[in-house]
Every structure is written in C-alpha cells, then in structure tokens.
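Trainee: The following block contains a protein sequence and its predicted model.
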Amino acid sequence: VQVEESGGGLVQSGGSLRLSCTASGTIFSFYAIAWYRRPPGKARELVARITSDGGIHYEDPAKGRFTISLSKNNTMKTADLQMTNLEPDDTAVYYCNLQGIEVREGYFVADEWGQGTQVTVSS
C-alpha cells in the first residue's frame, strides 16, 4: 500500500489550496482517510477525517474553511482537502493517513502514512 500527498505550496493569507491524497496498492477495504498536520515546532494534529462510507469529522480549526471529500475505485482511493480562507496558523506539513486497511481478506494493517506536503501561508 502506498500513500502519497500532493498540492501543497505557498499561498497568501486568505487564499486557497487543494491537497490530494492518493492511496494505491492492494486495498480490499479501509476504515477512513484522515488529514493531519504538523505546524513548525508543534506536535502533529488531526485536521479532518472521512470514513469509507462518507462520514466526516472536522477538528475546530478546519470547520467552515476546509472540506474533505473521497473518491474510490478498484485501484485507487483519493481523499482531497479543499482549504479556503487560509491563515498563517495553517502553515504546516500536511500528512495523509489511511486507516484500518484490509490488505487481503481478513488481514488488516492499522494504518499507512504519506511523506507529507508543505503548506506555507504568508501574512
């Protein structure tokens, strides 16, 4: 299973970015895909999560500004994070986490992480 993020970059305060997470490989099923972030000098924190059946959770900093969405087919699962009205406090490395992965029938792996993508918001 491979997890890869894309879409990070530099944006001015008030701007928007769309991050994309692609999970590929042998994935019979999964529980959820989550976006985390690690701000400079701080611990990694949850941003948003979407379950395989479409249930969505946002942490408070993301509510009203970020939108998570999911698409999936037989070969690839993609979770996008649309971020609007970005603020300097949103500056962080953003990570995608694929959770509860059934890699073969009846055999599960806890999770897989991507390498992260940098988001920098200038004031």
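Mentor: Thanks, I have it.

Trainee: Is the residue nearest the centre of the chain bridged to anything, and to what?
Mentor: Taking C-alpha atoms, centre = their mean, the centroid of the chain lies closest to residue 35, which sits 2.8 Å from it. Using DSSP bridges, the beta-bridge partners of residue 35 come out as residue 48, residue 96.

Trainee: I'd like to know how many residues surround residue 65.
Mentor: 15 (other C-beta atoms under 10 Å). Yep, even glycine has a C-beta here, placed from its N, CA and C like the rest.

Trainee: should've said residue 43
Mentor: So residue 43, with other C-beta under 10 Å, has 7 neighbours.

Trainee: now residue 36
Mentor: Using other C-beta under 10 Å, residue 36 is surrounded by 21 other residues.

Trainee: for it, what are its contacts?
Mentor: 44, 45, 46, 47, 94, 95, 96, 97 (C-beta atoms under 8 Å, 6 or more residues apart in numbering).

Trainee: Select, from the residues you listed, the two members most distant in space.
Mentor: 45 and 96 (14.0 Å; C-beta to C-beta).

Trainee: more neighbours, those two?
Mentor: Using other C-beta under 10 Å as the criterion, residue 45 and residue 96 rank with residue 96 on top: 26 against 12.

Trainee: Could you check how far that one is from residue 111?
Mentor: 10 Å (C-beta to C-beta, to the nearest Å).

Trainee: if I pick residue 26, what's in contact with it?
Mentor: Contacts of residue 26 (C-beta under 8 Å, 6+ apart): 1, 103, 104.

Trainee: pLDDT score for the first one?
Mentor: Residue 1 is assigned a predicted lDDT (pLDDT) of 93.

Trainee: give me every residue that touches it.
Mentor: 23, 24, 25, 26, 27, 98, 101, 103, 109, 112.

Trainee: Just among those residues, which is most surrounded?
Mentor: Result: residue 98 is most packed of the contacts of residue 1 (other C-beta under 10 Å), 26 neighbours.
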